[in-house]
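>>> Got a sequence here, can you model it:
(one chain, ligands or ions: 1)
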Amino acid sequence: MNAVATPSIRFARTAAVFTCILAALAGLMFGLDIGVISGATPFIQKEFQVSDHTIEWIVSSMMLGAAIGALGASWMSAMLGRKRSLILGAVLFVLGSLLCGGAASAQMLVAARFVLGLAIGIATFTAPLYLAEVAPERIRGAMISLYQLMITIGILVAFLSDTAFSYTGNWRWMLGVIAIPGALFLLGLLLLPDSPRWLMMRGRTQHAREVLQRLRGDEAVAQRELADIAEQLSTPQRGWHLFLENANFRRSVGLGVLLQLMQQFTGMNVVMYYAPRIFQNMGYDQHAQLWFTAIVGLTNVLATFIAIGLVDKLGRKPILYVGFTVMALGLGVVGTMMHNGIATHAQQLFTVTMLLVFIVGFAMSAGPLIWTLCSEVQPLKGRDFGIGCSTFTNWIANMIVGATFLSLLNGIGNAATFWLYGGLNLCFIALTLWLVPETKGVTLEQIERNLMAGLPLRRIGTPSVADPAPMTRDMPVGSLQGERV
Ligand code: BGC
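Residues are numbered from 1 along each chain as shown. Below is the predicted model:
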């Protein structure tokens, strides 16, 4: 990689970066999908005259679709290839958005959101995989961080667009307009090369070599990467069998599942999907509700940079402790304010600020770091299976959170609902202490050795004396999903 940068290498590097940016746009689609519904629900509820329960279904059918899409994508990305899977995801995205915008009934909206979910499930599984496979080693971490950041930017853009459309109350445009970035994404995808790793999996070595040469601009580098891929492929994935046979692997799968449950039950998506309703309950009018929702989105983007800057300096666990504490505090105070009654302007602003504190807590910690950890703790032989299980859990838990929030508000009340999530965040501090390993600066191989030697989960990140200097783990936050390869 230290080759002198000739014009052809520079050209190839630009092509590789362009390729990665295009694929990272899948993150933007993911974010648009998560963000777009919150501003639309008040208008949908008014037009279709439906109950809170139906609204919960409109929100969460997307997550059900995403869970199923992610499951299907692991098979599809192996059979059809990463590029074709992404294209299919983008087509479904455009179709789903248009169907949402044109839905004639709440039931049709539930079905259209399900299609949109399928699209996002496919994209969230395939894009990080593709990125990790085409990005040059030198910029791989940065490129995958970009993907993570794109998710938060997508959420923000959706919040802003919802705010703009709220002046005419046109929820159909809110939901339909994201078909435009979807269509542009689809066109861009057509320019992408196939993933060299997938080509190798299909025995198309010559084609893989050509793609790598085009992306690296250097024959020797391309040849070396080709050899690395061939070596990796010689370790067959045998996830399900390993799961049945090996208790240590079951522990790491269980840890991945637990980590994603923790991420979702922080309550973050309650705010992502229902922020306007929360601001309404604080006493704000419709436009203020949507503007504050946009500020939530901006805070989410900016605080993600804290994680990117700190994760490889402070490590995963200290950041998680701080994050869960901040989240528990934020939600605890919001609950208390709601319990006591929010009467004055100052009380309103203070409550909003504490909700933003909660958002900062999530975006600087559990948001990106859970994905990082989930990819780090699985042994190579079972990595695809392990990450598949945790990603599936992420969407199912996401659905449960989305499908129960309004019922919780109506059942146990505002204050108790926020206290409940605040309390869960406190429990997660204990769970982090008890079960989560510190993986900063430790090789994947060492983590795997520790796991298979039966060390307690919280100690599987212990470096060995013989371990080489910190390496691949020390990539920026987003190493996350992409590490699955
Ligand atoms: C989570 C999503 C969440 C998003 C918010 C992601 O890490 O998996 O469920 O909506 O962060 O930024």
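
>>> Determine the set of other helices and strands touching the helix or strand residue 425 falls within.
Assessed by DSSP states H and E, residue 425 sits inside helix 414-435. Identification of packing neighbours for helix 414-435 by 3 or more CB pairs under 8 Å, 6 or more residues apart in numbering; DSSP states H and E yields helix 247-264, helix 316-340, helix 383-412. Glycine gets a C-beta too; all of them are placed from N, C-alpha and C.

>>> Save the ones you listed as a markdown table, and put in distance to residue 215, mean pLDDT and mean neighbour count too.
Shown next, in a markdown table, are the helices and strands packed on helix 414-435 (distance: least, CB to CB, whole Å; pLDDT from 0 to 100; neighbours: other CB atoms under 10 Å):
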| stretch | distance to residue 215 | mean pLDDT | mean neighbour count |
| --- | --- | --- | --- |
| helix 247-264 | 31 | 97 | 21 |
| helix 316-340 | 31 | 97 | 21 |
| helix 383-412 | 23 | 92 | 21 |
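
>>> ok, back up a step: could I get the buried residue list for the helix holding residue 425?
Applying a neighbour-count criterion of 16 or more other CB atoms under 10 Å, one finds 414-415, 417-419, 421-422, 424-425, 428-429, 431-432, 435 buried in helix 414-435.

>>> could you dump those residues to TSV with pLDDT and distance to the ligand?
Formatted as TSV, these follow (pLDDT from 0 to 100; distance: CB to the nearest ligand atom, whole Å):
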residue	pLDDT	distance to the ligand
414	95	21
415	97	24
417	97	18
418	98	18
419	98	22
421	98	14
422	98	18
424	98	15
425	98	15
428	98	15
429	98	19
431	98	18
432	98	17
435	98	19
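
>>> Return the closest of the residues you listed with respect to residue 91.
Nearest to residue 91 among the buried residues of helix 414-435: residue 421, at 36.4 Å, using CB to CB.

>>> which non-adjacent residue is nearest the closest one?
The shortest distance from residue 421 to any non-neighbouring residue, by CB to CB, 6 or more residues apart in numbering, is to residue 267 (3.4 Å).

>>> ok, the one you found - contacts?
Contact partners of residue 267, counting by CB atoms under 8 Å, 6 or more residues apart in numbering, are 327, 331, 358, 401, 418, 421, 424-425.

>>> mind redoing it with 7 Å?
Residues near residue 267 by CB atoms under 7 Å, 6 or more residues apart in numbering: 331, 401, 421.

>>> and which of those residues is nearest to residue 29?
residue 401 (20.9 Å).

>>> ok, now how distant is that closest one from the ligand?
Counting by CB to the nearest ligand atom, to the nearest Å, the separation of residue 401 from the ligand is 9 Å.

>>> which SSE is the closest residue to that residue other than its chain neighbours in?
Take residue 401 and drop its neighbours on the chain: the residue closest to it by CB to CB, 6+ apart is residue 269, 5.1 Å away. Residue 269 belongs to helix 268-281 when assigned by DSSP H and E.
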